[in-house]
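K.L.:
Structure, please.
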Amino acid sequence: QLQLVESGGGEVQAGGSLRLSCAASGNIFMINTMAWHRQAPGKQRELVANIGGKTIYADSVKDRFTISRDNAKNTVYLQMNRLKPEDTAVYSCNVKGLGRSLRSFDSWGQGTQVTVSS
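P.N.:
You can find the predicted model right below:
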């Protein structure tokens with residue numbers, strides 16, 4: 001069983017910054033990719049950033065958001081700068097890898113709300 005604990009969401013004014021964290025624990029042998037997705041009200045969930053092999057960003061967040069990971073802590077971070085009202089969404093982390101039995105896992109965090117006011 002894999003547990004993902006997210007933190008760092010909240011409300012901020014446009015132009016401000018927030019840092020999200022997602023810590024994975026449990027039955028982990030290896031983590032391949034860690035990613036952040038978001039879903040705004042009435043919209044589909046979209047990939048914000050992915051790290052593992054190649055680092056990928058959505059066009060809408062390039063040059064404003066930075067994804068990073070601490071392999072020793074099995075934690076992924078999302079530094080969000082110059083936030084805009086359109087960044088308002090529930091942000092969820094996604095972690096893919098292998099458990100100790102070498103079975104693959106694809107797990108999601110519970111989501112954390114980010115609200116950017118104008």
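K.L.:
going forward, measure contacts between C-alpha atoms and count neighbours the same way
P.N.:
Fine.
K.L.:
Give me the most central residue, this structure.
P.N.:
Among the residues of the chain, the smallest C-alpha distance to the mean C-alpha position (Cα atoms, centre = their mean) belongs to Trp36, namely 2.7 Å.
K.L.:
Quick one: residues contacting the residue lying closest to that residue once chain neighbours are set aside.
P.N.:
With Cα to Cα, 6 or more residues apart in numbering as the criterion, Trp36 has its nearest non-adjacent residue at 4.5 Å, and that residue is Cys93. With contact taken as Cα atoms under 8 Å, 6 or more residues apart in numbering, Cys93 is in contact with 4, 6, 22, 34-37, 108-109, 111.
K.L.:
Make sure Cys93 is indeed in a strand.
P.N.:
Yes - counting by DSSP: H, G, I helix; E, B strand; the rest coil, Cys93 is part of a strand.
K.L.:
May I ask which of the contacts of Cys93 has the most neighbours?
P.N.:
Cys22 (28 neighbours; other Cα atoms under 10 Å).
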